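Chemist: Predicted model follows, preceded by the sequence.
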Amino acid sequence: MDSSTTRGRALGLSLIALLALSVTLLAQCSWAQQLRLSPMVLGVVLGMLLADTLRPRLPEGWDGAFRIAGKQLLRAGIVFYGCRLTLEALTELGPEAILIDTIIVLGTLLLGELLGRALGLERSERLLIASGSAICGAAAVLATEPVVRARSHSTVVAVGTVVLFGTLSMFVYPLLYRWGALEALGLRGVGIYTGATVHEVAHVVGAGAAMSPEIAALATITKMIRVLLLAPVLLGLSFLMRERHTGGSVSGKGRVQVPWFACYFILVVLANSLLAHLASAGGWTASYRAVTDWIQTADTFVLTMAMTAIGMEARLAKFRQSGAKPFLLALGLYLWLVGGGYLLVRFLA
């Protein structure tokens, strides 16, 4: 790697970091906090605004920085996302919440495959949208991209759809709650319903907080169970996509490409669970929480950089190339999450 390439990547990453810092500060504004807009969501939006304005004017030597931010930094961010999870917290809601989350994830993936095929979408594109809707929004889309070997424009469109419908949920769910449409679920049921069906973690927190602090806490824990399912889903998709393609044609079946970052994610969850237990037993919980808070802050910033870089690849031409079909698929999955999720919680929780 020559010095000009290294310099270009360094400058590109510096720009992405500066933009991520800007949206991080913007997320601290009162209006952003009232809307529960996370830095990651704002990063995607800012990136998409710059995709057809600033991005084409940047030197080609900076392209490597966008690839690094959208792949390596994204995977590192997902791995350390496990610092937010402990096995003890995930079991607090009982087996019915785990069952509902599992049905939601598997049902969304299956429905996404069937609807996407009916709409004529490529397999990789329908899997990206389905995984984002099923698990944890844009982060799941970006984690799934290398496993299904999706094209860059498919990833951008999938991120756009899950951010759109996830943001919509932040307003729809509190309205349904205030209108009494969720009254039959009870407080605990509303929390499980929100966490089991809303796309992004930030959207879950926002929707839950707009209803009540108790619902927000229950919804967040339920959502974390879905996040934990990311690793086994990626391993399963890796097995399904194990066929090697050469020049667009299948040349035979190869070994399964294990998404190791998903395995590292599980290890971080296990390590965090063990250390949290030791901290509680040893009386140094406050110190441990201070460390994990710092890790989570840094991790959010890394993920914001990744989201911003992905957003800057979202040029209008890529959306025109995909047409309306991806949004129709995302809409169908959203209706399933809202309606099917309600029925699941109503009868299982």
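Modeler: That came through, no problem. Numbers count the residues shown, from 1 in each chain.
Chemist: for this protein, what are the low-confidence residue spans?
Modeler: Residue ranges of the chain with pLDDT under 70: 1-2, 36, 152, 202, 209, 242-259, 262, 314, 317-319, 321-322.
Chemist: Spatially central residue for it, please.
Modeler: In the chain, the centroid-proximal residue (CA atoms, centre = their mean) is residue 139; its distance is 2.8 Å.
Chemist: quick one: it from residue 92, how far?
Modeler: Applying CB to CB, to the nearest Å, the value for residue 139 to residue 92 is 23 Å. Just so you know, the C-beta spots here come from the backbone N, C-alpha and C atoms, and that holds for glycine as well.
Chemist: Which residues outside stretch 217-226 are in contact with it?
Modeler: Contacting residues not belonging to stretch 217-226 are listed as 84-85, 89-90, 92-93, 97-98, 100-101, 104-105, 134-136, 187-188, 190-192, 194-196, 198, 201, 204-205, 207-208 [CB atoms under 8 Å, 6 or more residues apart in numbering].
Chemist: Mind giving me the ChimeraX command for buried ones among these?
Modeler: Buried members of the contacts of stretch 217-226, defined by 16 or more other CB atoms under 10 Å, are picked up in ChimeraX with:
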select :84,85,90,93,97,98,100,101,104,105,134,135,136,188,190,191,192,194,195,196,198,201,204,205,207,208
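Chemist: Among the contacts of stretch 217-226, which are located in helices?
Modeler: Taking DSSP state H, the ones among the contacts of stretch 217-226 that sit in helices are 89-90, 97-98, 100-101, 104-105, 187-188, 190-192, 194-196, 201, 204-205, 207-208.
Chemist: those strands in the stretch 201-349 of the chain, which residues are they?
Modeler: Remark: strands assigned in the stretch 201-349 of the chain by DSSP state E, counting those that start in this stretch are 243-246, 249-253.
Chemist: Please read the previous query as pertaining to the stretch 51-200 of the chain.
Modeler: Taking DSSP E, counting those that start in this stretch, the stretch 51-200 of the chain contains no strands at all.
Chemist: how about the helices in it?
Modeler: 63-68, 74-80, 87-90, 95-119, 123-131, 138-148, 152-178, 186-197 (DSSP state H, counting those that start in this stretch).
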